[in-house]
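K.L.:
please work out how this folds:
(chains A and B)
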Number of protein chains: 2
Amino acid sequence: MASDTADPTTGRHRIVVVGAGFGGLEAVHRLAGAPVAITLVDRRNHHLFQPLLYQVATASLATSEIAWPTRHVLARRDDVTTLLATVTGIDTAARRVLLDDGATLPYDTLILATGARHAYFGHDEWEPFAPGLKTLEDATTIRRRILLAFERAERETDPRRQAALLTFVIVGAGPTGVELAGTIAELARDTLPSDFRRIDTRKARVVLVEAGPRVLAGYAEDLSAYAQRSLEGLGVEVELGRPVSACSADGVVYGDRTLEAKTILWAAGVRASPAAEWLGVPADRAGRLIVEPDLAVPGHPEIFAVGDTVAIAGPEGKPVPGIAPAAKQEGHYVAGVIRARLAGAAPPGPFHYRHAGSLAQIGKKLAVIDFGRIKLRGALAWWIWGIAHIYFLIGVRTRLSVALNWLWIHVRNQRSARLITQGRDDED
Amino acid sequence: MASDTADPTTGRHRIVVVGAGFGGLEAVHRLAGAPVAITLVDRRNHHLFQPLLYQVATASLATSEIAWPTRHVLARRDDVTTLLATVTGIDTAARRVLLDDGATLPYDTLILATGARHAYFGHDEWEPFAPGLKTLEDATTIRRRILLAFERAERETDPRRQAALLTFVIVGAGPTGVELAGTIAELARDTLPSDFRRIDTRKARVVLVEAGPRVLAGYAEDLSAYAQRSLEGLGVEVELGRPVSACSADGVVYGDRTLEAKTILWAAGVRASPAAEWLGVPADRAGRLIVEPDLAVPGHPEIFAVGDTVAIAGPEGKPVPGIAPAAKQEGHYVAGVIRARLAGAAPPGPFHYRHAGSLAQIGKKLAVIDFGRIKLRGALAWWIWGIAHIYFLIGVRTRLSVALNWLWIHVRNQRSARLITQGRDDED
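P.N.:
Below you'll find the model as predicted:
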């Protein structure tokens, strides 16, 4: 190795990974045993299993069941140092990552796995009224708003205000929107009714608003239709082809309709991390880095980017979706490129995304799975969905704990985490 | 019944219970089947199992394992309406409880079970630097501070600041202080070491500071001595006879010593709820209501008070301690007085507190139990402590889940809830 691609004291090639999500963590896992010294930086202390985040937001799971301290996940990896820090920029000339406290991290190779946040299509002013779902705090904020709405409705004497408190609008009918809508409907129908005296929680309205022509647009059309029928069977009102034009403390305007609603949840758009700004390189409209076929940043072969912060075309020219398996495949691939370089071997061919399938849960024994050729729906799909998600959790304790909670939801309609705790928003 | 002691429409005697802690909830439970209409008001939506709150603060348990939605606990009680609301005062002349939104709740009988907060002996300015432990938010705030201190120490290059980050001071050596100190010591010694690269978490200092002459002052002297030896065996520095005279962002002053410490936890004093102020009646120095032998408020036979907001003498003239069994006995007793009145029967004799015993956990297989004549210590006491606490949790799911977490702590030294989430304090 050239001397400028290794630590002058240890002689080891220094890799800095920014972001401990699915992509960053997979890259670290796949670099095990390589002659490298890795520093993994994240501004959170935990790896988050985002596919089940909506279950925290709907009081079904506890935060500690879908999040694990990153440094504990990597406890046995002596070659990895984990740092809780916020990255503020990158000095590509000096090959250093800049941290919030003024410290810098030198790198020989950099992997950016910095993800995405939800976005409001240029209407950031909607955020206070329509929180999105990307972090644990987002989930407990949404949980708090949903549960508080029922509590306030129980105290409210004015029928119109009571109706607005019992109206829940979810904007965006992708997997997160569908899962939120279905679970809130089940919460209102099955979990809560016997706990309230003055209101009938079964009369709560759950409205799923989508600008496009169908729910789960990424799935086969018959699965979209099944998902819509299933949601409607749970009492969800599905409003298609109606883009949202206003969100406020009073409600939402979509298409030509105005709906008074005290709870609006945002599941409609994402915006990538500022990685492209840090580097001063081109990005697409959502802020995603445009990368080379080997996931390197143009002009910077020593910098790779993976996961939701990257725009890259997949099979049939369609963009690689922003889902966990895609981020993991990218992290795996980049680790291979780096290993080949360090070994002086020929680089692997360009990155190819293999779509294993799409899964979404709608409700109890209601799920859809699109494996491409094979399409499943209903109870069988739901069992596969549940087993797959428990399989991908980290650790035996978490798996047992989540299985126990799901058993209770399904047998007794009880949700374990119906706690209102004070959050970032001081709405009351 | 006289017409002024019943709802004019339903004819039922109206009871308002303020506070869904151990005392208030027990009174509601013991009034089941009585000819009454109960409204239970609490400013939180959950009943909290405070004896295990320190385990949330030390990342051992999730919030949802020690808290349950109050209205769900009472789902089958059609005679009980649960309201999430903050009480702002009491109009004793009109017999109405005043709520934060301007609404009022009429009562024929009122039970005040409003508890206590931690207190700083006239030094409220210490609170930002030395949080106490009474609510779920307190627990996640303390958890965040403890875990952040280790994270910052890993990043810190200045040895003196690093030492201050790795110094944890607990003020007050009652059961909560002892349990916090022992658990933080085990966290640093057993759970964290393999996860950090730059610091040795086993070198963290845990200092338990107490103004009085011994730890666990309410226990027999030989159990206090055993608890102190056990703590010292875990590496805790026990500083007795040293009242704290200053707390700041830099550290703490106790006796003639100054200690640089970035984490100070307060387990030293309590102050009762403002119930005495609401009523304009006498209170003791800690703000506790002075009540009649039947727990009625002087001059107000229709108002009872139970739990930590009450000062009453127990056996041998010693004050009834501020623990869950005492609050439950008081709630049970008051329900009996009300039932006798409604039935036109003779009132029961004055309240008598029966002390069943004191239990405190110090660490793995280290606990003390003072049953009066029988005193236990060590592994046997620890097993009894664990079984008793699991028994008193609510619901099978919670019991299984807590048992699972404890198993993991004891077999694998893993603590399930090592999550840093953003809290009320914006210290960074």
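K.L.:
and chain A, what are its domain boundaries?
P.N.:
With domains defined by automatic domain parsing, chain A comprises A:3-43+A:85-118+A:270-343, A:124-268.
K.L.:
residue numbers of the stretch 301-428 of chain A in contact with chain B?
P.N.:
For the stretch 301-428 of chain A, the residues in contact with chain B (CB under 8 Å from any CB of the partner chain) are A:395, A:397-398, A:400-401, A:404-405, A:408, A:414, A:416-422, A:424. Where C-beta positions appear, they are placed from N, C-alpha and C, glycine not excepted.
K.L.:
how about the contacts made by residue A:198?
P.N.:
By CB atoms under 8 Å, 6 or more residues apart in numbering or on different chains, the contact set of residue A:198 is A:154, B:81.
K.L.:
got a list of what the residue nearest the centre of chain A touches?
P.N.:
Centroid-nearest residue in chain A: residue A:50, 4.2 Å away (criterion: CA atoms, centre = their mean). Listed by CB under 8 Å, 6+ apart, the contact set of residue A:50 reads A:21, A:22, A:134, A:324.
K.L.:
how much space between it and chain B?
P.N.:
Between residue A:50 and chain B the computed distance is 15 Å (CB to the nearest CB, to the nearest Å).
K.L.:
where does the prediction get shaky in the stretch 151-300 of chain A?
P.N.:
Along the stretch 151-300 of chain A, no part satisfies pLDDT under 70.
K.L.:
mind listing the helices in it by residue range?
P.N.:
A:159-165, A:175-186, A:221-233, A:275-279 (DSSP state H, counting those that start in this stretch).
K.L.:
kindly report the same for the stretch 301-428 of chain A.
P.N.:
A:324-343, A:378-392, A:396-412.
K.L.:
re earlier: which of the residues of the stretch 301-428 of chain A next to chain B are buried?
P.N.:
A:397-398, A:400-401, A:404-405, A:408, A:414, A:416-422 (16 or more other CB atoms under 10 Å in any protein chain shown).
K.L.:
just for the stretch 301-428 of chain A, where's the confidence low?
P.N.:
For the stretch 301-428 of chain A, the ranges with pLDDT under 70 are A:423-428.
K.L.:
tally of neighbours for the spatially closest residue to residue A:54 that is not a sequence neighbour?
P.N.:
Among residues not flanking residue A:54 along the chain, residue A:179 sits closest, at 4.7 Å (CB to CB, 6 or more residues apart in numbering or on different chains). For residue A:179, the count of nearby residues is 25 (other CB atoms under 10 Å in any protein chain shown).
K.L.:
can you tell me how far residue A:179 sits from residue A:413?
P.N.:
Distance of residue A:179 to residue A:413, computed by CB to CB, to the nearest Å: 18 Å.
K.L.:
again with residue A:379
P.N.:
With CB to CB as the criterion, residue A:379 and residue A:413 are 17 Å apart.
K.L.:
which of the two has more residues huddled nearby?
P.N.:
More crowded of residue A:379 and residue A:413, by other CB under 10 Å: residue A:413, with 16 against 12.
K.L.:
okay but that one is in contact with residue A:190, surely?
P.N.:
Yes. Counting by CB atoms under 8 Å, residue A:190 is a contact partner of residue A:413 at 4.4 Å.
K.L.:
and the helices in the stretch 1-150 of chain A, which stretches?
P.N.:
A:22-30, A:53-57, A:70-73, A:136-155.
K.L.:
the ones you listed into CSV, with extra columns for distance to residue B:267?
P.N.:
Shown next, in CSV, are those (distance: least, CB to CB, whole Å):
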stretch, distance to residue B:267
helix A:22-30, 37
helix A:53-57, 30
helix A:70-73, 27
helix A:136-155, 26
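K.L.:
make CSV out of those and add distance to residue A:366 and mean neighbour count.
P.N.:
What follows is the helices of the stretch 1-150 of chain A, written out as CSV (distance: least, CB to CB, whole Å; neighbours: other CB atoms under 10 Å in any protein chain shown):
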stretch, distance to residue A:366, mean neighbour count
helix A:22-30, 26, 25
helix A:53-57, 14, 26
helix A:70-73, 32, 24
helix A:136-155, 20, 22
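K.L.:
quick one: closest of those to residue A:246.
P.N.:
The minimum distance between residue A:246 and these falls on helix A:136-155, with 18.7 Å, by CB to CB.
K.L.:
is that closest one in proximity to chain B?
P.N.:
Yes. Using CB under 8 Å from any CB, helix A:136-155 comes into contact with chain B via A:136, A:137, A:140, A:147, A:148, A:151, A:152, A:154, A:155.
K.L.:
check contacts around the first one.
P.N.:
What that stands for is residue A:136. Residue A:136 touches A:44, A:46, A:48, A:53, A:56, A:63, A:67, B:419, B:421, counting by CB under 8 Å, 6+ apart.
K.L.:
which of these sits closest to residue A:346?
P.N.:
Closest to residue A:346, out of all of these and judged by CB to CB, is residue A:48, at 36.1 Å.
K.L.:
can you tell me the closest non-neighbouring residue to the closest one?
P.N.:
residue A:67 (5.0 Å).
K.L.:
and residue A:253, by the same measure?
P.N.:
Leaving out its chain neighbours, residue A:253 is closest to residue A:246 (CB to CB, 6+ apart), at 4.0 Å.
K.L.:
how much space between the residue nearest to residue A:54 and residue A:320?
P.N.:
Taken as CB to CB, the span from residue A:179 to residue A:320 is 21 Å.
K.L.:
near chain B, which residues of the stretch 51-200 of chain A?
P.N.:
A:62-65, A:67-69, A:71-72, A:74-76, A:78, A:80-85, A:101, A:103, A:136-137, A:140, A:147-148, A:151-152, A:154-155, A:194-198.
K.L.:
mind redoing it with 7 Å?
P.N.:
A:62-64, A:67, A:69, A:71-72, A:75, A:81, A:83-85, A:136-137, A:147, A:151, A:154-155, A:194-197 (CB under 7 Å from any CB of the partner chain).
K.L.:
other residues contacting stretch A:252-259?
P.N.:
Stretch A:252-259 has contacts (CB atoms under 7 Å, 6 or more residues apart in numbering or on different chains) with A:167, A:169, A:207, A:209, A:239, A:242-246, A:251, A:261, A:264.
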